[in-house]
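**Q** Give me a model of this one.
(one chain, ligands or ions: 2)
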Amino acid sequence: RCVLRELTEIMNKNPDISLSNPLPGMNQSVFHKRYLKKMRDLGEGHFGKVTLYMYDPANDGTGECVAVKALKQENGHVPDGWMKEIEILKSLNHCNIVKYKGLCTELGKSSDPIYLIMEYLPLGSLREYLSKRKLGVPQCLLFAQQICEGMEYLHSKRYIHRDLAARNVLVENDSLVKIGDFGLTKYIPEGEIYYRVREDGDSPVFWYAIECLKESKFSFSSDIWSFGVTLYEILTRCDHRQSPPTKFFEMMESAEGQMTVMVLIKLLEKQLRLPCPKECPHEVKILMEQCWAADPSKRPPFSSLIERFKGIRQ
Ligand code: ADP
Ligand code: MG
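**A** Ligands and ions are numbered 1, 2, ... in the order given. Okay, here's the model as predicted:
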């Protein structure tokens, strides 16, 4: 109560602090399931399903739109990774990273957070967005730079993303994108440089750096490789005929029966890479190739990629 009185006082003295911008600590982040009205499905990936809801406690259609992510297979218990994804997103605060809004817990089971509530980005994933419209090169480069800015922030917090791809970038409007989906994000403790995966399920192998495929070693540098593939997707406007899996399978022609990952490793060891997209500026082509350097230490960090994009965009 005392805290509340103090807060009210602070708010009276600072009219800029509006109630729609609640102070941390005020429990605005619990969403009640009974006030969530389903609008439509937004999309799904390997692990989650995202749905658009209106959160409308007044029940008069004046509520706000939120994106709600639920795990696909929920068999009673809440998996560890899911709680981590929520905690990580909650701890991030950057204009190029999707904003965490709160949790929704099932009635009666108030201890088990099941739904992750985040801000709704009306234009969906970058993949859907790009394949629907003709985007000019300057806008492609702006988006690429914004992804780098979000990634630089993520790395500064010692997180590696491990699943950077156009499907996991969301579009707010024609000049703003944000990184979404932190389902595979891992924390790299101070003093260590990589994370080694044990479980090896549905991995987005065509976005993986060579050392991830060979030794399951994920690092800040392997995110840069995946950024290179994402940049390739942006410049091919996510045309499915030129998608990374399509192109790599074309390069693999005569390898029937062999394991995809093994063939992919051989290909990459021969220095074969995705082709240069049509109408890709020369400097961007060079930059993309540097992201795919076999030696992880030769790949440019996000800070230098940002500077390079700034230069190219001028
Ligand atoms: P998964 O972990 O299963 O890959 P994602 O978090 O990537 O799930 O979400 C799947 C899809 O849902 C995305 O590719 C995108 O199309 C859509 N989506 C996710 N979050 C949002 C959001 N905040 N606003 C709008 N669409 C979203
Ligand atoms: Mg995803």
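**Q** Count the neighbours of E307 for me.
**A** When neighbours are counted by other C-beta atoms under 10 Å, E307 registers 13. Yep, even glycine has a C-beta here, placed from its N, CA and C like the rest.
**Q** same check, this time on D56
**A** If we define neighbours as other C-beta under 10 Å, then D56 has 15 of them.
**Q** residues contacting K49?
**A** Residues near K49 by C-beta atoms under 8 Å, 6 or more residues apart in numbering: 41, 43, 69-72.
**Q** Would you mind giving these as JSON lines with distance to L103, secondary structure and pLDDT added?
**A** Compiled in JSON lines, the contacts of K49 are given as follows (distance: C-beta to C-beta, whole Å; DSSP: H, G, I helix; E, B strand; the rest coil; pLDDT from 0 to 100):
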{"residue": "D41", "distance to L103": "20", "secondary structure": "strand", "pLDDT": "96"}
{"residue": "G43", "distance to L103": "20", "secondary structure": "strand", "pLDDT": "93"}
{"residue": "K69", "distance to L103": "11", "secondary structure": "strand", "pLDDT": "93"}
{"residue": "A70", "distance to L103": "11", "secondary structure": "strand", "pLDDT": "89"}
{"residue": "L71", "distance to L103": "13", "secondary structure": "strand", "pLDDT": "84"}
{"residue": "K72", "distance to L103": "18", "secondary structure": "coil", "pLDDT": "77"}
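**Q** Of the residues you listed, just say which sits nearest to ligand 1.
**A** G43 (2.8 Å; C-beta to the nearest ligand atom).
**Q** check contacts around that closest one.
**A** 49-50, 124-125, 128.
**Q** what bridges to it?
**A** V50 (DSSP bridges).
**Q** Quick check on the contacts of G43: which are buried?
**A** 50, 124-125, 128 (16 or more other C-beta atoms under 10 Å).
**Q** Of those, which are in range of ligand 1?
**A** On the criterion C-beta under 6 Å from any ligand atom, 50, 124-125 are the entries of those that sit beside ligand 1.
**Q** Quick one: low-confidence residue ranges for the protein.
**A** Across the chain, residues meeting the criterion (pLDDT under 70) sit at 1-28, 73-78, 106-113, 197-203, 255-257.
**Q** For the residue of the chain found nearest ligand 1, which residues are in contact?
**A** Closest contact between the chain and ligand 1, by C-beta to the nearest ligand atom, is at G45 (1.9 Å). Contacts of G45 were listed using C-beta under 8 Å, 6+ apart, and they are 167-168, 181, 183.
**Q** mind running it again at 10 Å?
**A** 69, 72, 125, 163, 165, 167-168, 180-181, 183, 202, 204 (C-beta atoms under 10 Å, 6 or more residues apart in numbering).
**Q** Need the phi and psi values for it.
**A** With angles defined as degrees, to the nearest 10, G45 sits at phi -120, psi -150.
**Q** likewise D295?
**A** According to degrees, to the nearest 10, D295 has phi -90, psi 110.
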